Structures are given as C-alpha cells and as structure tokens.
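Quick one, structure for this:
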Amino acid sequence: MQGLFITIEGPDGAGKTSVLEELYPKLALAATQKIVKTREPGGIPIAEKIRQIILDPKNTEMDERTEALLYAAARRQHLVEKVFPALEEGSIVLCDRFVDSSLAYQGAGRKIGVKPIAEINEFAIEGTVPDFTVYLDVDSDTGLQRIQNHRKNQYDRLDSEGLEFHQRVRHEYLRIVEENPQRIEKIDARMSLESVVEATFKAIVERYPNYFRN
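Numbers count the residues shown, from 1 in each chain. Below is the predicted model:
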C-alpha cells in the first residue's frame, strides 16, 4: 500500500495548529500505517531556518517576491528531505500547509498573482499534489480576533497584516476549494475545537477506510 499525502489548510485564526495537535494522536491510534506529522514552512532544520526569516516581524523590508521564493525554497527542501522519503515508505504524511497557502497568501494576499506563484512552486514541487486536503474555514473578522486573543505579543509578519489582506487570502482559499471539489473538503472552523477535530478525523477516515481501523 502506498503512502498518503494529506494537507491541512486555512487562514490565520482557523485553529490549524490546535486541530493538528488533537487530530494527530487520534489518527495515529486508528491508522494501519505510520503517520508523519509535519509543517510548512519548516519540518526540517533548513526549512525551519527559512521559516524564522520569513516570519520574523523585524524583516519589514522583505520584498513580496523574495517571500514567495523563500516559501518555495523551504517547500522543496522539505519535500526532498522528509515528505518524499515518508511517502516512499508507505507512511501517511499529515502536513500543516502546502502550495494552496502560497497561492492564497502570496498570490492573493500579497497581490503577486496566483499564476506566477503557481509557476514558482511548480519548479519546486515537480507536479506533487496532495491526495487529500482539509480546509478549515473561518471568516477574517473571527480569525483576526482569535489571533489577538490567543497569540498576545507573539505576532509574526503575516499576523500583523490588516483585515483586507486576510480577506483576500480567504477569498482565494474559497476559490481553490470550489475548483478542487475532489481533493478538498471544507470544514467550518467556527465550531468548537472538539467538533472541528472530530469533523476532520471523520473526513479523513471515511475518505481512506483502507488506511484506518474500524
């Protein structure tokens, strides 16, 4: 049985990190194969260093295209060093963000354009597409309020962007979801954490029953 590449997407404030922390052990108990939990940008030392550069709030002079290229560079190294080997071993890779994030944040949020961002990333991923993506949807007002309530003084460069930026990001995500109904399932992230985790767990297990115990 081959590996599975599953990604979790969503705008800031959707609760992806919290959902993943609760979801991972549930999936690990039910899975018939090893599950590798990872994130973008990051997941490996080189990509984590790039992440620090991208998200450092002190890097206010970073050009939008530089940011996009750094994301693509981190993504490439992460794929080669961690994701591809895990998939080749037959593992289930559960990844926090992938190319959809770049299309939404840099393509729409930064107004670079979705097509150029797709082209940059195609060079990095060489046609790699997740088998399944769960998109956690939350409106921008709620998302920003959650950021303010929970992250306190730990803002990164993207958190500090205004409402219009985050609205552009969400609208692009919704466009991606609409254009990829076979790959992406949307879940209402305004629900309680417990409900979102359960809905995400159900979506994955029902989609791939051969990879999980009843």
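
pretty sure residue 176 is in contact with residue 100, am I right?
Yes. With contact defined as Cβ atoms under 8 Å, residue 176 reaches residue 100; the gap is 5.5 Å. All C-beta atoms are positioned from the backbone trio N, CA, C, and that covers glycine.

tell me, what's touching those two both at once?
Residues within reach of residue 176 and of residue 100 at once, by Cβ atoms under 8 Å, 6 or more residues apart in numbering, are 135, 184.

CA atoms only: put the worst-scoring helix or strand of the chain on mean pLDDT into CSV for me.
The weakest-scoring helix or strand in the chain, judged by mean pLDDT, DSSP states H and E, is helix 140-150 (a mean of 86). Extracted as CSV, the C-alpha positions of helix 140-150 are listed here (Å, rounded to 0.1, in the frame of the first residue of the first chain):
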residue,chain,number,x,y,z
SER,A,140,-11.5,37.0,8.6
ASP,A,141,-13.0,39.0,11.4
THR,A,142,-13.2,35.9,13.6
GLY,A,143,-9.8,34.8,12.6
LEU,A,144,-8.1,38.1,13.5
GLN,A,145,-10.0,38.2,16.8
ARG,A,146,-8.7,34.8,17.7
ILE,A,147,-5.2,35.9,16.9
GLN,A,148,-5.5,38.8,19.2
ASN,A,149,-7.0,36.7,21.9
HIS,A,150,-4.6,33.8,21.9
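
Could you give me the buried positions within the very next helix or strand once past that helix?
Following helix 140-150 in sequence order, the next helix or strand is helix 163-179 (DSSP states H and E). Using 16 or more other Cβ atoms under 10 Å as the test for burial, helix 163-179 gives 165-170, 172-173, 176-177.

so where do the strands sit in this structure?
4-9, 35-39, 92-96, 132-137, 184-188 (DSSP state E).

so can I have TSV of those showing mean neighbour count and distance to residue 21?
Formatted as TSV, those follow (neighbours: other Cβ atoms under 10 Å; distance: least, Cβ to Cβ, whole Å):
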stretch	mean neighbour count	distance to residue 21
strand 4-9	24	11
strand 35-39	19	9
strand 92-96	23	10
strand 132-137	22	13
strand 184-188	18	16
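
can you tell me which of those strands comes nearest to residue 15?
strand 132-137 (6.5 Å; Cβ to Cβ).

Summarise which helices and strands the closest one is packed against.
strand 4-9, helix 163-179, strand 184-188, helix 193-207 (3 or more Cβ pairs under 8 Å, 6 or more residues apart in numbering; DSSP states H and E).

Give me the mean pLDDT for the last one.
What that stands for is helix 193-207. Averaging pLDDT along helix 193-207 yields 98.

Good, wrapping up.
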